[in-house]
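Asks: Kindly return the folded structure for what I paste below:
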Amino acid sequence: MGKMTPTLHIRTLVSMPFEENTYVVWRPGSSECVVIDPGLQPELIEECLREEGLTMRAILNTHGHADHIAGNEAMKRLAPDAPLFIGSGDARMLTDPDANLSAAFGFAVVSPVADRTVKEGDIIAAAGLAFRVLDIPGHSPGHVVFVHEGAPIQVFGGDVLFRGSIGRYDFPGGNGPLLLEGIRRKLFTLPADTVVYPGHGPVTTVGHEMQTNPFLTEG
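Replies: Next up, the predicted model:
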């Protein structure tokens, strides 16, 4: 069998000091992209957009923690017309350094307010792409993930499911049982070859985590 052509182009930019994954996503042949979770080194994103010749059409935040929203302001300056999306339960964290945890680390991150808040079942259409929104709270109260219905399905999952791990739930508003239930009910019901692009660390698949993730395998 010939290799399948990728349904999306995806550049992963890792921003320090939290090794947070920012994703620049676009359709093959297109010059428009979305940016997911712009982190603390927005210059890496700007460089990527220049290199690839891309215009950013939307900014998507999986949740409101500082390491995932710190680049929002720079992205908005770069493309004021690109709407900023976040789950409705985390929207207030954008403008509150205590809620987004930056104050605790000794630096105040403040983002522009969301242009649109999203919830389970919403579809975000931008740059010729469509992402379905799933609510998976537990790491943060309003955490969402963005599902691209490709072959395979691709999930931009923020800090929900990692390769061999799960998101922390000891932050304010965290809830371990809720997080585990959300993963089992909403991610583990997707096809095994579904690729998960997490907020930290390497990509994984639903099947791999169902079989091997120590937080989710019984016994």
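Asks: Please count neighbours and contacts with C-alpha atoms only from this point.
Replies: OK.
Asks: Hmm, residue 114 and residue 95 touching each other?
Replies: No - counting by C-alpha atoms under 8 Å, residue 95 stays clear of residue 114, with 9.6 Å between them.
Asks: Figure out how far the lengthiest helix in the chain is from the centre of its chain.
Replies: With secondary structure taken from DSSP state H, the chain has its longest helix at helix 42-52. Here the centre of helix 42-52 is set off from its chain's centre by 18 Å, with C-alpha atoms, centre = their mean, to the nearest Å.
Asks: what number of residues lie near the nearest residue to residue 161 once chain neighbours are set aside?
Replies: Leaving aside its sequence neighbours, residue 161 sits nearest to residue 167 (C-alpha to C-alpha, 6 or more residues apart in numbering; 6.2 Å). By other C-alpha atoms under 10 Å, 20 other residues sit near residue 167.
Asks: likewise the one 4 residues further on?
Replies: Close neighbours of residue 171, defined as other C-alpha under 10 Å, add up to 14.
Asks: who are the neighbours in contact with it?
Replies: Neighbour list for residue 171: 139-140 [criterion: C-alpha atoms under 8 Å, 6 or more residues apart in numbering].
Asks: Can you check the pLDDT for it?
Replies: pLDDT, residue 171: 90.
Asks: residues in contact with residue 186?
Replies: Counted by C-alpha under 8 Å, 6+ apart, residue 186 has contacts 134, 136.
Asks: doesn't residue 86 fall inside a helix?
Replies: No - secondary structure of residue 86 (DSSP: H, G, I helix; E, B strand; the rest coil): strand, not part of a helix.
Asks: wait, doesn't it sit right on residue 120?
Replies: No - Residue 86 lies out of contact with residue 120 (C-alpha under 8 Å); the separation is 11.5 Å.
Asks: And those two? Which one has more around it.
Replies: Ranked by neighbour count (other C-alpha under 10 Å), residue 86 and residue 120 place residue 86 first, with 29 against 15.
Asks: okay, and the common contacts of residue 86 and residue 120?
Replies: Residues touching both residue 86 and residue 120 by C-alpha under 8 Å, 6+ apart: residue 144.
Asks: returning to what we had before: neighbour count for residue 95 and residue 114, which is higher?
Replies: The residue with more neighbours, out of residue 95 and residue 114, is residue 114; 22 against 17, by other C-alpha under 10 Å.
Asks: so that one, which of the three states?
Replies: Using three-state DSSP, the structure places residue 114 in coil.
Asks: Nearest spatial neighbour of it, chain-adjacent residues omitted?
Replies: residue 84 (5.1 Å).
Asks: quick one: terminal-to-terminal distance for stretch 12-25?
Replies: End-to-end span of stretch 12-25 (C-alpha to C-alpha, to the nearest Å): 9 Å.
Asks: Run through who's touching that stretch.
Replies: Residues contacting stretch 12-25 (C-alpha under 8 Å, 6+ apart): 8-11, 33-41, 44-45, 67-68, 198-201.
Asks: Going by neighbour count, which residues of the longest helix of the chain are buried?
Replies: 42, 44-45, 48-49 (16 or more other C-alpha atoms under 10 Å).
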